[in-house]
Structures are given as C-alpha cells and as structure tokens.
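[1] What follows is a predicted structure for the sequence shown.
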Amino acid sequence: MTSIGYLGPKGTFTKIAVDATFNGEHKEDYKTIPECIDAVDSGEIDIGVVPLENAIEGTVQLTIDYLIHQVRIPVVGEIVVPIQMHLLVRGNMISEEAEIEEVHSHSHAIAQCQQYLHHHFNHAKVAVTTSTARAAEMVSNSDKPIAAIGNRAAASEYGLEIFKENIHDYPNNHTRFLILSHQPEKVNIKREAKGEKTTLLITLPSDKAGALHQILSAFAWRKLNLSKIESRPTKTGLGNYFFIIDVNQSYDDILLPGVKAELEALGCQVTILGSYPVYDIL
Ligand SMILES: O=C(O)C(=O)Cc1ccccc1
C-alpha cells in the first residue's frame with residue numbers, strides 16, 4: 001500500500017490537504033517538515049506532503065531551503081487549501097480573553113494572526129510549536145489557562161472548544177502544499193487537476209549587469225506566464241541568490257527546453273524542481 005507522510009500530528013492543515021487529495025492510503029505523521037522530507041528521501045514513505053507558501057505570510061522558508069540545500073525530491077503535485085484560523089481552548093475553562101496566559105501555534109499560524117494577537121493578547125506569552133495540531137494537543141493535555149491557534153479538525157481531534165473563530169488577519173487565506181515523491185507512478189489523486197506548473201531553480205552568473213532582465217525575457221518573448229518569482233540566499237555569502245520561478249504550464253517539449261537552453265547559454269544554472277498538476281480544495 002502506498003504510504004503518505006505529512007507534517008503532523010493529526011489535525012494539521014497539512015493533514016487536511018492530504019485527506020482531501022488522497023484516498024485510503026497509509027498515512028504517517030511526522031513531527032517536523034525536515035523529518036517528513038527525509039522520510040521520503042530514504043524511502044521510508046512513498047510520498048510526502050509539506051506546506052510551501054501561505055497567502056498572508058509568504059513562503060515557508062524551512063521547506064524551500066530544505067529542498068534546495070539538503071534533499072532534492074521532485075515536486076509531483078501542489079494542493080491549494082483555504083485556511084481558517086481559530087483560537088482553541090479546553091472546554092469550560094476560560095470565559096474571557098484576559099484569562100488566557102499563553103497562545104501556542106506554528107510560526108506561520110502566529111504570523112497570519114499577528115494583528116489579532118497584537119490587539120487581544122498583548123498580555124499573553126506567544127509560543128511556537130512544530131505545528132498547529134501539536135499546539136492543540138498540548139492545550140488539551142494542560143491544566144493551565146492556555147490556547148492554541150488551529151483549525152476545526154484539530155478542535156475535534158483533541159476535544160477543544162473554539163473560543164474565537166476566524167482570527168486570521170486577512171480573509172482570502174490559502175496555503176500551497178507540495179506533494180513530493182521519487183515515485184510519481186505511486187501518486188494516485190482523487191481530484192481533477194485545475195492546471196499545471198513547472199518550478200525552476202536558477203543560479204545567475206556572478207555580477208553580470210542585466211542578468212535577471214535577460215532571464216525574464218526568455219520567458220516573456222515565449223509568452224510563458226509566471227506565477228511566482230522569489231530569491232533565496234545561496235548561503236555562500238551576502239548578495240548571492242538563487243531565483244525560484246514558477247511557470248503556469250507543464251514542462252513541454254519546446255518552450256521550456258528552449259528557455260533552459262537560452263538561460264544556460266547566458267551562464268545560468270537551471271534545475272527543474274518539478275513539473276506537476278495543481279489541485280484546488282474548495
Ligand atoms: O501546522 C500546521 O497545521 C501546518 O500544516 C503548517 C501550516 C501552518 C499554518 C498554515 C498552514 C500550514
């Protein structure tokens with residue numbers, strides 16, 4: 001049976017992405033994103049699902065950096081999930097905000113509720129956990145007046161109450177999750193894809209004026225639509241960057257190989273991180 005690893009425990013947003021995309025496969029939770037990625041790389045599991053980018057907070061640096069610098073696993077799919085953050089507490093324990101002494105969650109969840117926390121919980125200690133569901137689990141095991149930021153599935157998984165709904169600072173909140181696998185033939189998804197993407201990792205030749213402009217023109221004159229461009233440090237010194245570019249189409253036989261050849265002729269290094277379908281959970 002195909003096994004799928006995810007950032008756990010049960011009740012994370014990642015688990016919501018997995019449940020909405022895969023059928024009855026064996027699902028294995030991991031405590032951290034690197035542990036999940038390592039497990040795919042070593043073959044302990046067939047497929048891994050990890051968060052990549054949130055509409056409010058941006059890229060999950062841990063995921064992208066781990067995939068660039070530590071472990072290269074092809075991206076075989078993307079899942080886009082709507083995100084609603086709630087404040088979760090143990091039942092019958094808390095009647096007003098002022099009683100809550102600590103708020104726990106994943107750093108990305110805390111960042112998505114920054115304004116809310118600033119206005120309502122300046123009195124409280126805010127603490128980072130490995131995931132939102134881990135925070136919910138901690139709250140359920142504690143007899144202190146503390147709260148977690150997480151989703152409705154975590155509230156029911158750990159028997160918590162929703163003290164305040166929808167505390168994320170901006171309404172159109174979505175997260176992109178990556179499906180990673182060395183064995184694309186094992187990826188069996190129960191949804192229709194809504195499109196295709198290709199993600200490229202590009203290293204520029206050093207100190208060449210106009211290099212980024214030339215890179216972008218290679219896409220532009222072929223009318224290739226880009227949905228994201230981001231720079232990340234190469235970690236070799238200040239001012240050295242990779243560019244990560246998402247193109248809104250699959251790696252075809254003509255256009256994208258043409259871009260790759262053109263960029264290599266300019267002295268760039270080009271790596272294809274994946275060409276994959278996109279699934280939207282609505
Ligand atoms: O901690 C979780 O529930 C995750 O899956 C990571 C995450 C955190 C915040 C928004 C989306 C995903």
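    It's in. Numbers count the residues shown, from 1 in each chain.
[2] List the residues that contact A39.
    5, 28, 30, 45, 48 (Cβ atoms under 8 Å, 6 or more residues apart in numbering). Just so you know, the C-beta spots here come from the backbone N, C-alpha and C atoms, and that holds for glycine as well.
[3] Check what pLDDT the residue in the stretch 151-282 of the chain that the ligand sits nearest to gets.
    Here the stretch 151-282 of the chain gets closest to the ligand at one residue, T175, 4.1 Å apart by Cβ to the nearest ligand atom. For T175, the pLDDT comes out at 97.
[4] What segments of this protein are helices?
    Using DSSP state H, the helices of the chain run over 13-21, 33-42, 61-65, 107-112, 114-120, 132-140, 152-157, 211-220, 255-265.
[5] how much space is there between K144 and S3?
    According to Cβ to Cβ, to the nearest Å, K144 stands 36 Å off from S3.
[6] Which one's more surrounded, those two?
    S3 (16 against 11; other Cβ atoms under 10 Å).
[7] quick one: contacts for the more buried one?
    S3 neighbours (Cβ under 8 Å, 6+ apart): 25-28, 45-47.
[8] got a list of what S217 touches?
    Counting by Cβ under 8 Å, 6+ apart, S217 has no contacts.
[9] Dump the contacts of S3 into JSON lines; add neighbour count and distance to the ligand as well.
    JSON lines is the format used below for the contacts of S3 (neighbours: other Cβ atoms under 10 Å; distance: Cβ to the nearest ligand atom, whole Å):
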{"residue": "E25", "neighbour count": "17", "distance to the ligand": "18"}
{"residue": "H26", "neighbour count": "11", "distance to the ligand": "19"}
{"residue": "K27", "neighbour count": "19", "distance to the ligand": "14"}
{"residue": "E28", "neighbour count": "15", "distance to the ligand": "15"}
{"residue": "I45", "neighbour count": "23", "distance to the ligand": "17"}
{"residue": "D46", "neighbour count": "20", "distance to the ligand": "20"}
{"residue": "I47", "neighbour count": "27", "distance to the ligand": "16"}
